[in-house]
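Enquirer: sequence and computational prediction follow.
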Amino acid sequence: MNVTMNRNGTELTVAIEGRLDTITSPELEKQLEPALEGVEKLVFEMKDLKYISSAGLRILLTAMQVMEEQGSMVLRNVCPEIMDVFEVTGFIDDLNIE
């Protein structure tokens, strides 16, 4: 997994490449938690995310809960395979996907 974070004022874009699973999700969590300080809009760029496990879903859920208090969160360019996971798990109803 490769993560790139770009902050523009109060907007943070997090681009994720590869697999977000049990092995890689702790690294994203460690990077994301302090980066959310003062963020009003969180954008996950997911065009290069190929796989997400329940551990990755937990990261998104935690970020969504934080952003409900601070502002908004959006997922962009979700591939069909990841979209299927969101549909099966019911996350599709809770996430703001563009």
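Expert: Noted; the coordinates are in hand. Numbers count the residues shown, from 1 in each chain.
Enquirer: contact partners for residue 15?
Expert: By C-beta atoms under 8 Å, 6 or more residues apart in numbering, residue 15 lies in contact with 3, 4, 5, 6, 44, 45, 47, 48. Just so you know, the C-beta spots here come from the backbone N, C-alpha and C atoms, and that holds for glycine as well.
Enquirer: what is the nearest of these to residue 73?
Expert: The nearest member of the contacts of residue 15 to residue 73, counting by C-beta to C-beta, is residue 44 at 7.4 Å.
Enquirer: counting neighbours, what do you get for residue 94?
Expert: Per other C-beta atoms under 10 Å, the neighbour tally for residue 94 reads 12.
Enquirer: check residue 47 too.
Expert: Residue 47 has 12 nearby residues by other C-beta under 10 Å.
Enquirer: cool, and residue 59?
Expert: So residue 59, with other C-beta under 10 Å, has 20 neighbours.
Enquirer: contact partners for it?
Expert: Residue 59 makes contact with 20, 25, 28, 29, 32, according to C-beta under 8 Å, 6+ apart.
Enquirer: so which bits of the helix or strand harbouring it are buried?
Expert: If you go by DSSP states H and E, residue 59 is part of helix 54-70. Residues of helix 54-70 classed as buried: 55, 56, 57, 59, 60, 63, 64, 66, 67 (neighbour count, 16 or more other C-beta atoms under 10 Å).
Enquirer: and of those residues, the nearest to residue 91?
Expert: residue 57 (6.3 Å).
Enquirer: what's near enough to touch residue 31?
Expert: Residue 31 makes contacts with 3, 5, as judged by C-beta under 8 Å, 6+ apart.
Enquirer: who does the lengthiest strand in the chain touch, helix- and strand-wise?
Expert: Using DSSP state E to define each element, the chain has its longest strand at strand 41-52. When contacts are defined as 3 or more C-beta pairs under 8 Å, 6 or more residues apart in numbering; DSSP states H and E, strand 41-52 sits against strand 11-20, helix 54-70, strand 72-76, helix 80-89.
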